Structure formats: C-alpha cells, structure tokens
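# Here is the input, now give the coordinates:
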Amino acid sequence: MERTSPLPHPSTQKAASGWLNGFIGVLIFSGSLPATRVAVLEFDPLFLTVARASIAGVLALCLLLLFQEKRPSRSQLWPLAIVALGVVVGFPLLTALALQYVTSAHSIVFLGLLPLATAVFGVLRGGERPRPVFWLFSVLGSLLVVGFAVSQGLSAAPAGDILMLLAILVCGLGYAEGAKLSRTLGGWQVISWALVLALPVMMVLTLFRAPPSFSGITLPAWLSLAYVALFSMLIGFVFWYRGLAQGGIAAVGQLQLLQPFFGLALAATLLHEQVSLGMLGVTLAVILCVAGARKFSK
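Next up, the predicted model:
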C-alpha cells in the first residue's frame, strides 16, 4: 500500500500564510522612506502627505464599495481615528518633514525602534506586565539610537531626528491600535476604513496645497508619489494586517526587525547614499535589543 504524507495542520498553514503576508508587507514598507526621500525633493511635504492619503483613500473606498463591506460600529470609530492619525497622517507627514533634514539611510536606523514602540503601546493598551529584562533591552536600544544620532552630528540637524522619533511613536500607536482592531473588523478593512475616514479632509488639503504648476516635476518624483500612495499607504497594509491576523501580532510583528536592513539596501542601491559600517552596526544592535525586548514582553 502506498504511504501518503500527512497533510499540514490547518493552524500551521494559517501561521505560515501569516508569516508570508507579513514578510511581503515589510518588503513593501521598506521602500517607503527612500521613495519619500525622492518625492520631497520636488513635492512639498504636506502636499505629499495629503496627496498620497487621498489617492489611497479613493482606492480604499472603491474596494469597500466593491466588496460591500459592512460599516464600522460606533465603538470602532475612535480606534479607526487613532489608526488614521497614526499611519495615514502622522507617520507620513513627520517622515516627509524629517527627510528634508536627514538622508533616508539615516532615518531608516530609527525604524529599529518601531517594533519596540508597537510593543510598548500594545503593553499600555493590553495592561500587560513585562519582565524587568524587557525594559532593560528597551532602554539599551533607545540609548543606542540616541547615541548614534549624537555621533552623526545631532546639533547640525536636530529637527530631523526629533521628527523621526515622533514619527516612530505615532506609527507604533497606529500599528498597535490597528492590530487590535483587525481582530474584529478584519485586516485590510482596518486600513481601508481609516483612509476613508480621513479622505474628506485629505482631499480638501490636497487641493489647497497643490503647487501652481506640475510642469517641473520629474518622473522619479511622480513614481515615488505613486509608490507611497499605492503600496506604502494601502497595499502594504493589506498584507501587513492580514499577516498579523493570521500569524499573531506578537510573532509576525517581529518581521519589522528586518525593515531597517531592507531599507538601507534600497537607500544604497537606488539613491546611492552612503551606508557606513557604523550605521549597519547600530542597526544590528538595535534590532538585537528589540528582539530581546519582544522575547521578554510577557
């Protein structure tokens, strides 16, 4: 009799699918800062923020209507507003402003703190009590990032570093809130409804902040705007929140630790920015600290 291999357990398949979706989401997000760096060379940062949100919001509205998704309940509106303020408006605007002062390679180092920020807000929201070792890794990782910023000449462009730190904080809040909400509302629906919630204000601001003429805008700037609008603002979140829902927030969330490496590679390859050994070393050290913090978060 021919022996057949046992089929994978459904939960195993679901977890594997979650890791794959999360990995795709991280890859997409890794191109956000390099693309934003290119776009802000020719677009006003505020216009870039509201334009990318408007484009993604229109597409999200079409998706919600196409699939006839049920409207969020009243209790879900405030969490959606937090997601919108964090990942639709806050992070894109703050990073666009920061990239006027620092290179994308420099800013990517700060992304090593994003998993930690997400974990901290998850702890605050969930009322968990992490072990003392968690806070040891957290403080050490923060000191490494601050120390790197100082060594690179913090006094020369303190605004860029401060803006990046604020961007990480609001994004961490938006990720944690969105991940929690995705359990009841659905993965891609969370970012879609958040975009639609912000759409009226974003469209009005897009019209007011639009430049008098687009004749001087080059193709790389337009392609960068398209990338951050379609992929960073919508498609990436479809994979990311789906991965979180399938594989678990704590497990799949660790994939964010790979984002600085992918981002640095893109910055060096596409923008020809210099990535020093020190920058790589700090990024690796921060990633190790965040990994340790996540391990002892429960």
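
# quick one: terminal-to-terminal distance for stretch 80-93?
End-to-end span of stretch 80-93 (Cα to Cα, to the nearest Å): 18 Å.

# buried ones in that stretch?
80, 82-93 (16 or more other Cβ atoms under 10 Å). In this view, the C-beta of every residue, glycine as well, is placed from N, C-alpha and C.

# which residues are in contact with that stretch?
36, 45-46, 48-49, 52-53, 56, 72, 166-167, 170-175, 177-178, 181, 190-191, 193-195, 197-198, 202, 228, 232-233, 237 (Cβ atoms under 8 Å, 6 or more residues apart in numbering).

# Go through those residues and flag which are in helices.
Counting by DSSP state H, the part of these found in helices is 36, 45-46, 48-49, 52-53, 56, 166-167, 170-175, 177-178, 181, 190-191, 193-195, 197-198, 202, 237.

# neighbours of the nearest residue to G57 once chain neighbours are set aside, just the number please.
Among residues not flanking G57 along the chain, L199 sits closest, at 3.6 Å (Cβ to Cβ, 6 or more residues apart in numbering). Neighbour count of L199, defined by other Cβ atoms under 10 Å: 19.

# OK, contacts around L199?
By Cβ under 8 Å, 6+ apart, the residues touching L199 are 53-54, 57-58, 60-61.

# Nearest to V146 among those?
A53 (30.4 Å; Cβ to Cβ).

# For the closest residue to the closest one other than its chain neighbours, give me its contacts.
Spatial nearest neighbour of A53, chain neighbours left out: M202 (4.2 Å); criterion: Cβ to Cβ, 6+ apart. For M202, the contact set (Cβ under 8 Å, 6+ apart) comprises 50, 53-54, 57, 88-89.

# Repeat the analysis, applying 6 Å as the threshold.
Neighbouring residues of M202 by Cβ atoms under 6 Å, 6 or more residues apart in numbering: 50, 53-54, 57.

# S107 now?
33, 98, 164.

# which among the residues you listed gets closest to L185?
When these are compared against L185 (criterion: Cβ to Cβ), the nearest one is L33, at 27.9 Å.

# Can you give me the buried ones in the helix or strand hosting M279?
Under the criterion of DSSP states H and E, M279 resides in helix 277-295. For helix 277-295, a neighbour-count test (16+ other Cβ under 10 Å) marks 279, 282-283, 285-290, 292-294 as buried.

# Just the local confidence number for G153, please.
What the model reports as pLDDT for G153 is 61.

# For burial, what's the neighbour tally of the closest residue to A98 other than its chain neighbours?
Excluding the flanking residues, the one nearest A98 by Cβ to Cβ, 6+ apart is L163, at 3.7 Å. Residues lying near L163 (other Cβ under 10 Å) number 24.

# Begin at 46, not 1, for the rest of this chat.
All set: I'll call the first residue 46, so the last point we hit is now L208.

# which other helices and strands contact whichever helix or strand L208 is part of?
Under the criterion of DSSP H and E, L208 resides in helix 203-230. Taking 3 or more Cβ pairs under 6 Å, 6 or more residues apart in numbering; DSSP states H and E as contact, the helices and strands that helix 203-230 lies on are helix 119-128, helix 136-143, helix 149-155, helix 159-171, helix 232-254, helix 281-292.
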